[in-house]
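1. Any chance you can model this:
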Amino acid sequence: MIEISHLTKKYGANVAVNDLSLTLEPGNIYGFLGPNGAGKSTTMNIITGYIGASSGEVKINGYDINKNPEEAKKCIGYLPEIPPVYGDMKVLEYLKFVAELKKLDSHTRNADIRQVMDLTKLHEMKDRLIRNLSKGYRQRVGLAQALLGMPEIIILDEPTVGLDPKQIIEIRDLIRSLKEKHTVILSSHILQEISAVCDHVFIISKGALVASDSMEHLESRMSGAQQLDVVVRGTKEQLEELHTLDGVQECRIVREVPEESAESSKNDLADAAETMDSDAGERNDEATEFHLSLIAGENCDLRETVFRYCVEHDVVLLEQKVNTKTLEDVFLELTGNEEVREA
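-> Reported below is the predicted structural model:
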């Protein structure tokens, strides 16, 4: 378990981490999500004892990272954004070196190294110089050193940055497999990265925690109120009751396109509407193409309701499209307009 209480880190007048308090339970994959500069890496560096906090407390399995650093660090395996590997060492040589640094039992050391090489699929690379490896394999070596000794807590800072799509998938699969025996903390500014592997998300903005929620709850926020984009041809009089339909919370006209402007691209649809109803054909002489945005109530689907309305009011329905809320939309709701990327 990791307990973080009122953690603050200042660099002069700049507050990198602002009164952060978290509790991380065993057996989960936690995601730190936020834009570059939000304080994710600083928080991880404090948790691992790499740098000190200005104030606050971090306990790893009950050990204070400042008062009992050696005992606390025995519980942690850490992969920084730039893997701490030596290019002039061979893979196996490097892992033996790390095992000595971690003071692993000499009787089980070779078995421990074989175990992490199995997990990270490094056996074929064991005699290769690290500098000659691809970025994906260097990342695997970095992950292997973090796993040596099988610490209870694995902390990964931007573990897939700079990797190609195949390498990203492989690293994600590996991270998911760690959940069975480890608590994993993963930081990223890429939304897809967090949603693909994490059980619980901490959203950090300007050094402060702005949201703490499970991926399930965040995804339910994405599927909440529906926004329906509709394109119709008719008159304003025909559309004036649209906002009164059951489930419609908001209805607004985004754009109007006069009939003569839309006619060339929509001619076939207009002809079809005229053959269905001669009265509708007469109204089409004055009709306008309207681009509408409708907001529905929670878990309400407006598509069938809008279709029936158009049929009953002789309105030509040209298009309906559900504008799905994304994880990025949820992030922006919580943090304002700070930049965050989708892969």
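2. All the strands of the stretch 51-200 of the chain, residue numbers only.
-> For the stretch 51-200 of the chain, the strands identified by DSSP state E, counting those that start in this stretch occupy 55-60, 63-64, 76-79, 153-157, 183-188, 200-205, in order along the chain.
3. Contacts for stretch 133-147, please.
-> Contacts of stretch 133-147 with the rest of the structure, by C-beta atoms under 8 Å, 6 or more residues apart in numbering, involve 77-80, 83-85, 91, 94-95, 98, 116-117, 119-122, 125, 130, 154-156, 159-160, 162-164, 166-167, 170-171, 174, 178. Bear in mind the C-beta positions are built from the backbone N, C-alpha and C, glycine included.
4. which of the residues in it are buried?
-> With burial defined by 16 or more other C-beta atoms under 10 Å, the residues of stretch 133-147 counted as buried are 133, 136-147.
5. Out of the strands of the stretch 51-200 of the chain, which is the most enclosed?
-> Between these, strand 183-188 has the highest mean count of neighbours, a mean of 25, where neighbours are mean count of other C-beta atoms under 10 Å.
6. what's the angle from it to strand 200-205?
-> Between strand 183-188 and strand 200-205, the angle comes out at 40 degrees (axes from the mean of the first three to the mean of the last three C-alpha atoms, to 10 degrees).
7. by contact count, what packs against strand 183-188?
-> Using 3 or more C-beta pairs under 8 Å, 6 or more residues apart in numbering; DSSP states H and E, the elements in contact with strand 183-188 are strand 29-33, helix 40-47, strand 153-157, helix 165-178, helix 191-197.
8. if we can go back for a sec, tell me which of the buried residues of stretch 133-147 fall in helices.
-> With helices identified by DSSP state H, the entries of the buried residues of stretch 133-147 that belong to them are 136, 137, 138, 139, 140, 141, 142, 143, 144, 145, 146, 147.
9. of all those residues, which comes closest to residue 44?
-> When those are compared for distance to residue 44 (C-beta to C-beta), residue 146 wins out at 12.1 Å.
10. Distance of the closest one relative to residue 249?
-> Applying C-beta to C-beta, to the nearest Å, the value for residue 146 to residue 249 is 48 Å.
11. mind listing the helices in this structure by residue range?
-> For the chain, the helices defined by DSSP H occupy 40-47, 69-73, 91-101, 109-120, 135-147, 165-178, 191-197, 215-222, 236-239, 259-276, 278-284, 303-312, 327-335.
12. among these, which is nearest residue 228?
-> By C-beta to C-beta (comparing all of those), the closest turns out to be helix 303-312, at 6.6 Å.
13. Report all helices and strands that that closest one contacts.
-> strand 225-234, strand 316-323.
14. List the residues that contact residue 47.
-> Contacts were defined as C-beta under 8 Å, 6+ apart; by that measure residue 47 touches 2, 4, 58, 60, 65, 76, 155, 185.
15. now, which of the residues you listed sits nearest residue 241?
-> The closest of the contacts of residue 47, once distances to residue 241 are taken by C-beta to C-beta, is residue 185, at 53.2 Å.
16. Tell me the confidence at the closest one?
-> The pLDDT attached to residue 185 in the predicted structure is 95.
17. Repeat that for residue 305.
-> pLDDT, the model's per-residue confidence, is 92 for residue 305.
18. Let me know the distance separating residue 237 from residue 110.
-> As it turns out, when the distance is counted by C-beta to C-beta, residue 237 lies 83 Å from residue 110.
19. The two: which is more packed in?
-> Between residue 237 and residue 110, counted using other C-beta atoms under 10 Å, the more crowded position is residue 110 (13 against 10).
20. re earlier: filter the contacts of stretch 133-147 down to the buried ones.
-> Among the contacts of stretch 133-147, those scoring as buried are 77-80, 83, 85, 91, 94-95, 98, 116-117, 119-120, 122, 125, 130, 154-156, 159-160, 163, 167, 170-171, 174, 178 (criterion: 16+ other C-beta under 10 Å).
21. could you dump the buried residues of stretch 133-147 to TSV with pLDDT and distance to residue 258?
-> As requested, the buried residues of stretch 133-147 are exported to TSV (pLDDT from 0 to 100; distance: C-beta to C-beta, whole Å):
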residue	pLDDT	distance to residue 258
133	94	63
136	87	56
137	91	61
138	92	60
139	91	57
140	91	61
141	95	64
142	94	61
143	92	61
144	94	66
145	96	67
146	95	63
147	94	66
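22. now residue 156: how far from residue 150?
-> Distance check for residue 156 against residue 150: by C-beta to C-beta, it reads 15 Å.
23. can you list the weak-confidence ranges in the chain?
-> Along the chain, segments meeting pLDDT under 70 span 219-225, 259-286, 324-327, 336-343.
24. Outline the domain layout of it.
-> Each domain of the chain is listed here as a residue range: 2-222, 225-324, per automatic domain parsing.
25. Tabulate the ones you listed (TSV), appending distance to residue 331.
-> Conversion of these to TSV gives the following (distance: least, C-beta to C-beta, whole Å):
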stretch	distance to residue 331
domain 2-222	7
domain 225-324	15
